[in-house]
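>>> Structure for this input, please:
(chains A and B)
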Amino acid sequence: MKRSFMALALALLVFSVGCQKKEEVIRIGVAGPMTGDQAKMGTDFKNGVALAVEEWNAKGGLLGKKVTLLVADDQHDPKQAVSIANKLVNDGVVGVIGHFNSSCSIPASDVYNRAGIPMITPGSTNPQLTEKGYRSVFRVCGRDDQQGKVGAEFVTEKLKLKKVAVIHDKTTYGQGLADEFKKFIANKVEVVYYGGIIQGDKDFKTALTSIKEKKPELIYFGGIYPEAGLLVKQARELGISVPFMSGDGSIDPKFIEIAGASAAEGTYLTFSPDARKIPSARSFIENYEKKFGEIGPYSVYAYDAANILLAAIKDAGTTEGKTVIDKLHTMEFPGALGKIKFNEKGDVTVSPYVVWITKGGKFEEYWRPVF
Amino acid sequence: MFFQQLINGLTVGGVYALIALGYTMVYGILELINFAHGEIYMLGAYLGIIFFAFFTAAGLTAYSLPLSLVLTLVLSVTFCSAYGFTMERIAYRPLRNAPRLSPLISAIGVSIFLQNYVMLTQGATDKVFPHLFGDAGLTLSGARITYLQIFIIVLSCLLMLSLHLYVTRTKMGKAMRAVAQDKVMASLVGINIDSVISVTFIIGSGLAAVAGIMVAMYYGLVNYSIGYIAGIKAFTAAVLGGIGSIPGAMFGGIFLGLVESVGGSYLSSEYKDAYAFAVLIVILLIKPSGIFGKTTEEKV
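The predicted structure follows:
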């Protein structure tokens, strides 16, 4: 018994020595929902960032060192997000690409800010994230107040509707987006129903039956694609034929798969312009699809976020957090999506939202507001 | 609208009832709360998707949809029953004479094992069951009922009826009731307790498998964690009706489904889950043994 303890202690000693000899690398983290019902989004993040890292390493690395990627899974759970944020910081990352859900990004940003390392989210659109005054927080996507406004303009200017129902999933992102939408349609459109559903629930017929009674001309949903898909499917089963509208969290092929192509037909979604139509994104899309299959809605954002972080480190000539953050605030970066420049808050200066439509089992760009 | 909520509630309630039966039967006989029962339901949903995909790939679905659905159902039920049987053999039987907490912990262990087993072998992402019937259905005085809902309601009623007949009219059913009343006495009059318990697990798991497939078809979305919440709801239903009582589980399940949908429509659907548990608390305060539960006398 005693001997085996000694052997164990010895083994641990050897192990800890092995750990101390760290290789000279630059670590960056990518965080998002890598498992669970939103795993698709997390995987898109991971693949986009992995491609960027690989390209930098192929060009000889960064500051003479190799870049390695640490993948962290927040399971779209805020508690988990904080715990993996701490883990990434302890593992010595010099910057983080993530998270996806605003409800995860906001608490995790506290951790990164305290550690003084930059965080760039490719997909969290809730305004609060960059309104907290942290200099270390950036996002390459737009904000829900911009997104909700475009959605509202579309409903009032293009569709010219009078009655809508608004549902949200009670998360920071979902409810935030639904509230922004509601704020911008106020006085022009009557909101006949406003209520929440539970994220992860499968049965929404109760809420939908109440909505059917109110006879809205459109149903707006603030939330993510699993619930969006089920809502649309169950609405059609109840004989509700009015169109649905949702935000960037629902624009994923899985949405159509869950709802069924015929039920999803004609659903409007606010999202950024089609990456396939942007010339600078062409080579990225080609490389990505060769490696990982079809691009997801956020793959290109993750790719740009990783590239801008690595470029800032290169320009700063150091991985020291404060210098890199200062660099990120001042630099202008030619990303795959176009020029990226951050304002004082860490939001991108240009973030046009457009309206997409679901047609024949595919998403296509449908309407652009007058910028 | 009330009628529509009634249909919504009945569909979900039928599913709850089928799962609740497994809880209540096992409790009635072993006084064990089988926490892994929700996982059997989840396995049923997964097996349904797997077998159906297999039949589709083999071309049987294109040849005859009803045939491949029936085969899917039969195969998944068989597999799940086998899971239930094995679970009892491995995790519960060796602990039959252990203190009551031990099999409970063992049940939680089985539940965690099965969840992770499915997550690792099938992946953590959602699986989608193909849309077979679309939104086809009937409209009755403003309320819509899809053919799938009719199928779910009818099939759960049929299964509950046949279970009731099985327990009340057959020799095995009689043996089950005897074991539930007093295990020692039952064994003295020549009833093979082990086989009665095995049959209980096989039937309970089979019913859960049917519930799983129906849910996979109804919502079209399945993941490894659906067993947890469904298990909790069905357990609530079983307690509501009086745990150990078969009619109680049937009633409890349907009642729970109705409370959720009617409460959700007249109050707010945001707190759908809360109504179910609020009703449970009220009923337990008034009648601690559940609606159909008998106050058990001390066994002498």
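>>> residues contacting the nearest residue to A:K205 once chain neighbours are set aside?
By the measure of C-beta to C-beta, 6 or more residues apart in numbering or on different chains, the closest residue to A:K205 outside its immediate chain neighbours is B:N8, 4.2 Å from it. C-betas here are computed from N, CA, C, even on glycine. Listed by C-beta atoms under 8 Å, 6 or more residues apart in numbering or on different chains, the contact set of B:N8 reads A:D203, A:K205, A:T206, A:T209, B:S261.
>>> Could you do A:P273 as well?
By C-beta under 8 Å, 6+ apart, the residues touching A:P273 are A:P352, A:V354, A:E365, A:R368.
>>> swap in A:G29?
Each residue near A:G29 by C-beta under 8 Å, 6+ apart is listed here: A:L69, A:L70, A:V71, A:A72, A:L88, A:D91, A:V93, A:G95, A:V96, A:I97, A:G98.
>>> helix or strand for it, which one?
strand A:25-32 (DSSP states H and E).
>>> Could you check that strand and say which residues are buried?
For strand A:25-32, burial by neighbour count (16 or more other C-beta atoms under 10 Å in any protein chain shown) applies to A:I26, A:R27, A:I28, A:G29, A:V30, A:A31, A:G32.
>>> Report all helices and strands that the helix or strand hosting B:L104 contacts.
In this structure, B:L104 sits in helix B:101-122 according to DSSP H and E. Identification of packing neighbours for helix B:101-122 by 3 or more C-beta pairs under 8 Å, 6 or more residues apart in numbering or on different chains; DSSP states H and E yields helix B:37-57, helix B:226-241.
>>> Now stretch A:30-47: average pLDDT?
The average of the pLDDT scores along stretch A:30-47 is 90.
>>> show me the residues around the residue of the stretch 101-250 of chain A found nearest chain B that make contact.
At 3.5 Å from chain B, A:T206 is the closest residue in the stretch 101-250 of chain A, using C-beta to the nearest C-beta. Neighbour list for A:T206: B:Q5, B:N8, B:E260, B:S261, B:G264, B:S265, B:S269, B:K272 [criterion: C-beta under 8 Å, 6+ apart].
>>> Please dump those into a markdown table; it should also carry distance to B:G290 for every row.
Output for the contacts of A:T206, formatted as a markdown table (distance: C-beta to C-beta, whole Å):
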| residue | distance to B:G290 |
| --- | --- |
| B:Q5 | 24 |
| B:N8 | 24 |
| B:E260 | 18 |
| B:S261 | 21 |
| B:G264 | 23 |
| B:S265 | 26 |
| B:S269 | 26 |
| B:K272 | 22 |
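>>> Could you export these as TSV, including secondary structure and pLDDT?
Written out in TSV, the entries for the contacts of A:T206 read as follows (DSSP: H, G, I helix; E, B strand; the rest coil; pLDDT from 0 to 100):
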residue	secondary structure	pLDDT
B:Q5	helix	90
B:N8	helix	91
B:E260	helix	89
B:S261	helix	88
B:G264	helix	83
B:S265	helix	82
B:S269	helix	76
B:K272	helix	81
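>>> Which one of these is nearest to B:S156?
B:N8 (14.4 Å; C-beta to C-beta).
>>> Write the ChimeraX selection for whichever of the contacts of A:T206 are buried.
Applying 16+ other C-beta under 10 Å to these leaves a buried subset, and the ChimeraX line that selects it is:
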select /B:5,8,260,261,264,265,269,272
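>>> Alright, that wraps it up for me.
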